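Visitor: Whatever this is, show me its structure:
(chains A, B and C)
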Amino acid sequence: MFIRNAWYVAATPNEIDDKPLGRMVCGERIVFYRPEPGRVAALEDFCPHRGAPLSLGRVLEGKLVCGYHGLEMGCDGKTIAMPGQRVRGFPPIRSFPVAERHGFVWVWPGDPALASEDKIPHLAWAEDPEWAYGGGLYHVACDYRLMIDNLMDLTHETYVHSTSIGQPEIDETPCKTSTDGDTAVTSRFMSGIQAPPFWRMAMRAHGLADDQPVDRWQICRFAPPSHVMIEVGVALAGHGGYEAPRDKKVYSIVVDFITPESETSMWYFWGMARNFRAGDKALTAQIRDGQGKIFSEDLEMLERQQANLSRWPERKLLMLNIDAGGVHARKVIERMAGAERAETAAA
Amino acid sequence: MFIRNAWYVAATPNEIDDKPLGRMVCGERIVFYRPEPGRVAALEDFCPHRGAPLSLGRVLEGKLVCGYHGLEMGCDGKTIAMPGQRVRGFPPIRSFPVAERHGFVWVWPGDPALASEDKIPHLAWAEDPEWAYGGGLYHVACDYRLMIDNLMDLTHETYVHSTSIGQPEIDETPCKTSTDGDTAVTSRFMSGIQAPPFWRMAMRAHGLADDQPVDRWQICRFAPPSHVMIEVGVALAGHGGYEAPRDKKVYSIVVDFITPESETSMWYFWGMARNFRAGDKALTAQIRDGQGKIFSEDLEMLERQQANLSRWPERKLLMLNIDAGGVHARKVIERMAGAERAETAAA
Amino acid sequence: MFIRNAWYVAATPNEIDDKPLGRMVCGERIVFYRPEPGRVAALEDFCPHRGAPLSLGRVLEGKLVCGYHGLEMGCDGKTIAMPGQRVRGFPPIRSFPVAERHGFVWVWPGDPALASEDKIPHLAWAEDPEWAYGGGLYHVACDYRLMIDNLMDLTHETYVHSTSIGQPEIDETPCKTSTDGDTAVTSRFMSGIQAPPFWRMAMRAHGLADDQPVDRWQICRFAPPSHVMIEVGVALAGHGGYEAPRDKKVYSIVVDFITPESETSMWYFWGMARNFRAGDKALTAQIRDGQGKIFSEDLEMLERQQANLSRWPERKLLMLNIDAGGVHARKVIERMAGAERAETAAA
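Guide: Sure thing, here's the model as predicted:
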């Protein structure tokens, strides 16, 4: 079940710099490419001539040239030319709304008429020189909603990430979930605790003594179709916690763009945006490597959870208070996807 | 088709010493673990919270702690606790009767009310200091009944194991099969032959001249659900064969616990128990390595036989005199599994 | 969809010199073996005793001995003997017409009564000492008809093989397709062009200056069930092109025996026959290695084309003039396979 009329992160810009990229998003096989430097196009990955994947082709003077027999495809899905052929009657292929913004390539798998670029989420940190970002991509063999659940309930950090960002106080501190229309926010504030290893590293990097008690926060925000942004940080205890002045805290945003590939597989674009030592590229790399290692710890759990659910599809799962964020996200997805299907059926 | 109300070997004890083990038996996904040293428990490998596999968790103070969000499960399948939650209303998961005995972990996939430990087969050699045992485990992609067939008809040794335990005299000597209720015994006695390489090695290990003619025997015993114990040995010719005094023969029991995983895959616990030089661990290792190599020769044959049968499911196979043991085993399995299904339907 | 009453290349002779070979052709699992040197037999790869694959057995005194329990099978599919058994009532297995000719092992998957060896295609070059042949085998996960399409439309050389045999002039020069009953010929003649790298190598090997303009030709001949022979060559410009005298041209035949394995996989026997320096084995090896590398460039394209077509089975493909050869081949296959099915249904 996917929301189709929405912007999904499909790729990072570097993935299409040198050659076309074939990638499935929401069940659609799509080729992404640059008709010219700085621009991006997205088409069905299917040559209208004989069905070859256009992603095996190359870009020539703005056209995507099929690597099998040389059909030249335009960004609008209409064939421009083919050696020795009249192409006017060739059937078009689908062209997908696509945009490069905030350091990501975004695609809209649904109705192009609705695809205003205004609807791309605004990522303030991506445009602010005081912030730095590093991230990566994992392919995970599970329903993308299991990843939303994962990120809206951070009690799993205590168990899955016990050596880096987990600590018993997460479990021991109740979280609160509030919803506002299509979004949900699950937050947890811990006071006067010792920071776990990952945050001690960040404190040192920011010039803070890492053995002092801290206040720690986690604010997970779900927005449709499947984005989860998490404000995380620690402040030296007694300086206001989340509201502490910048020199008393380290603060970042965990960025999670969760893009369905199929009903049971997904692309996970993960990363971290931070507003301290933004110019320090070595630190960006160090944080990205650390986060990549931590986030890889979730993969076996999610894939084997999916295997269990596929085997017992009728089995009801619990919906506890800690699950409230994920539960709301599922309701939003069901409602919006259902409305889309109803509109399609009516049309 | 499986008999469910029966004890199957699920694991060897060392497999669960350090952490939980997830293993499918008769189509059930089960987690095996030690709530404390020397004890063993078996549960559905499915956390009632969100369906995570409990086998990715760890044991803490007798409880199986889910590795995802910390739910604490008891050996009876009832949730004991979960951080920040009231667990009284959590649905229980299935708990399977399980026991450690004779050097194996046994599980009962069927009705727990019927699972008396008295029904675990008695393995006299496992408790006798004059006997030694060594063995291993293979995963085989075939119906477990093909392995029963394999072991109840040892004429295949001549072809599959021609360089170790096979010899033409096996083929040339008729076997006899007798049945007694649910069990079957297929036996073959050869007289005045040369021992094949594996047995010459065993004769030397026992201090017998390996170039003397021997009498050789094979007595294959099937018992439900799917156990095959084979008495095998050679005695210097003219000393009474199977009944020869211990200093004139080498004698052992081939141990085969055949545990269905799914309809077309299985766990094969193989081994050999011997009553000569029982304290010689190097010899135990040597025999285990030799047997492991010999028994691995069956795997490709069985898996490709399965592939053939899956492709031609309607094709009738022959049931010759040499197949009588396997044929009887299949009848017993069909009758007992059929009776179980009838009882379940009636209930 | 396969034509069954036809000779297909199943193997090269060396593949069965040492032991039996199991290979699926047109959905039939077949074991090929040599009952004696120089002869070949083909049977269902299914032992009538317990369904073991006979291809795991060995040949003894003309009989195929099952590697499981020693059943001895004759070339006619009738069991000859089995240790300790009367075999007269054993059910026969299918025996397939098979022949070794022209350096290939041919099999007829259909009605044996129709399998005259006269119907094996005559390959003049295979029997002529002035010709040399080298080739290889690829397994490809696509409908075999996609390979026919590939070889009847060589405009793909410009794109898939741009560094070896491709050149823009192929695209720029129209091809012509003529049909004659069940066969199709697509040909293209280019004049006064520069030879591409592969042909320059061949010109040098033949003692021709490789920097001179040439005429180049490609004549692709489809014959049922799925053979494509392609006359290819270049001649120094102005000497008659295809008709030029032998010392002014290099000329060869690309040999393509395309054997279905299943509906979506195939065995591709590719090679090249040439009539210059036929005795030069190093040159044969050099050409074979070069051709193998070039032809491997098609595999990813074909397998991903198949994946696209499997996903969108209802989608119509274009049938352009360059596709005329493949389109005719498909019509011939549909007609002949349909007639076979009708005959079978009537019988």
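Visitor: so who does the nearest residue to A:A126 once chain neighbours are set aside touch?
Guide: Nearest residue to A:A126, sequence neighbours excluded (C-beta to C-beta, 6 or more residues apart in numbering or on different chains): A:H102, at 3.7 Å. No exception for glycine: its C-beta is placed from N, CA and C like everyone else's. Counting by C-beta atoms under 8 Å, 6 or more residues apart in numbering or on different chains, A:H102 makes contact with A:120, A:122-123, A:126-127.
Visitor: For chain A, which residue gets nearest to chain C?
Guide: A:P83 (3.6 Å; C-beta to the nearest C-beta).
Visitor: What residue, apart from its backbone neighbours, is nearest that residue spatially?
Guide: Closest residue to A:P83 apart from its sequence neighbours, by C-beta to C-beta, 6+ apart: C:D171 at 3.6 Å.
Visitor: again, but for A:L60
Guide: A:E72 (7.4 Å).
Visitor: from memory A:F32 sits against A:A99, does it?
Guide: No: using C-beta atoms under 8 Å, A:F32 and A:A99 do not qualify as a contacting pair, with a distance of 11.3 Å.
Visitor: CA atoms only for the helix or strand harbouring A:A339, dumped as CSV, please.
Guide: Per DSSP states H and E: A:A339 is located in helix A:324-346. Extracted as CSV, the C-alpha positions of helix A:324-346 are listed here (Å, rounded to 0.1, in the frame of the first residue of the first chain):
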residue,chain,number,x,y,z
ALA,A,324,1.4,5.3,18.7
GLY,A,325,3.5,7.2,16.2
GLY,A,326,3.8,4.3,13.8
VAL,A,327,0.1,3.4,14.3
HIS,A,328,-0.9,6.9,13.3
ALA,A,329,1.4,6.9,10.3
ARG,A,330,-0.3,3.7,9.1
LYS,A,331,-3.7,5.2,9.5
VAL,A,332,-2.7,8.2,7.5
ILE,A,333,-1.2,6.1,4.8
GLU,A,334,-4.3,3.9,4.6
ARG,A,335,-6.6,6.9,4.4
MET,A,336,-4.6,8.7,1.8
ALA,A,337,-3.9,5.7,-0.4
GLY,A,338,-7.5,4.6,-0.1
ALA,A,339,-8.7,8.1,-1.2
GLU,A,340,-6.4,7.9,-4.2
ARG,A,341,-7.8,4.5,-5.2
ALA,A,342,-11.3,5.7,-4.8
GLU,A,343,-10.6,8.7,-7.1
THR,A,344,-8.9,6.5,-9.6
ALA,A,345,-11.9,4.1,-9.6
ALA,A,346,-14.3,7.1,-10.0
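Visitor: tell me what that helix is packed against?
Guide: helix A:144-152, strand A:176-180, strand A:183-193, strand A:214-223 (3 or more C-beta pairs under 8 Å, 6 or more residues apart in numbering or on different chains; DSSP states H and E).
Visitor: The ones you listed into JSON lines, with extra columns for distance to A:I230, mean pLDDT and mean neighbour count?
Guide: Output for the helices and strands packed on helix A:324-346, formatted as JSON lines (distance: least, C-beta to C-beta, whole Å; pLDDT from 0 to 100; neighbours: other C-beta atoms under 10 Å in any protein chain shown):
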{"stretch": "helix A:144-152", "distance to A:I230": "7", "mean pLDDT": "98", "mean neighbour count": "25"}
{"stretch": "strand A:176-180", "distance to A:I230": "14", "mean pLDDT": "95", "mean neighbour count": "14"}
{"stretch": "strand A:183-193", "distance to A:I230": "9", "mean pLDDT": "97", "mean neighbour count": "18"}
{"stretch": "strand A:214-223", "distance to A:I230": "5", "mean pLDDT": "97", "mean neighbour count": "23"}
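Visitor: Adding distance to chain B, write those out as a markdown table.
Guide: Shown next, in a markdown table, are these (distance: least, C-beta to the nearest C-beta, whole Å):
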| stretch | distance to chain B |
| --- | --- |
| helix A:144-152 | 7 |
| strand A:176-180 | 12 |
| strand A:183-193 | 11 |
| strand A:214-223 | 14 |
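Visitor: could you dump those to a markdown table with distance to C:G27?
Guide: Below are those laid out as a markdown table (distance: least, C-beta to C-beta, whole Å):
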| stretch | distance to C:G27 |
| --- | --- |
| helix A:144-152 | 38 |
| strand A:176-180 | 56 |
| strand A:183-193 | 53 |
| strand A:214-223 | 50 |
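Visitor: Please name the residues that touch whichever residue of the stretch 151-300 of chain A sits closest to chain B.
Guide: When scored by C-beta to the nearest C-beta, the stretch 151-300 of chain A has A:D171 as its residue closest to chain B, at 3.6 Å. Residues near A:D171 by C-beta under 8 Å, 6+ apart: A:155, A:158, B:70, B:83-84.
Visitor: swap in A:Y133?
Guide: A:103, A:125-126, A:255, A:271-274, A:284.
Visitor: Just confirm it is within a strand.
Guide: Yes: the assignment for A:Y133 by DSSP: H, G, I helix; E, B strand; the rest coil puts it in a strand.
Visitor: Now A:L56: closest residue in space that isn't a chain neighbour?
Guide: Counting by C-beta to C-beta, 6+ apart, the residue nearest A:L56 is A:G67, at 4.2 Å.
Visitor: A:W131 too?
Guide: Per C-beta to C-beta, 6+ apart, closest to A:W131 is A:W125, 4.0 Å.
Visitor: which bits of the stretch 51-200 of chain A sit near chain C?
Guide: Residues of the stretch 51-200 of chain A lying near chain C by C-beta under 8 Å from any C-beta of the partner chain: A:51-53, A:56-57, A:65-70, A:82-85, A:90-91.
Visitor: cutoff 7 Å now
Guide: Within the stretch 51-200 of chain A, the positions adjacent to chain C are A:51-53, A:56, A:67-70, A:83-85, A:90 by C-beta under 7 Å from any C-beta of the partner chain.
Visitor: Quick one: the helices in the stretch 201-347 of chain A, in order.
Guide: Using DSSP state H, counting those that start in this stretch, the helices of the stretch 201-347 of chain A run over residues A:281-311, A:324-346.
Visitor: mind checking how far the nearest residue to A:V107 once chain neighbours are set aside is from A:K63?
Guide: Nearest non-adjacent residue to A:V107, counting by C-beta to C-beta, 6+ apart: A:A10, 4.2 Å away. Going from A:A10 to A:K63 by C-beta to C-beta, to the nearest Å gives 21 Å.
Visitor: Show me which of the two is the more surrounded one.
Guide: Comparing A:A10 with A:K63 by other C-beta atoms under 10 Å in any protein chain shown, the one with more neighbours is A:A10, at 28 against 19.
Visitor: secondary structure class for that one?
Guide: Going by three-state DSSP: A:A10 is strand.
Visitor: Check A:H139 too.
Guide: Three-state call for A:H139 (three-state DSSP): strand.
Visitor: So what's the residue count around A:T344?
Guide: 11.
Visitor: Quick one, grab the pLDDT at it.
Guide: According to the prediction, A:T344 has pLDDT 88.
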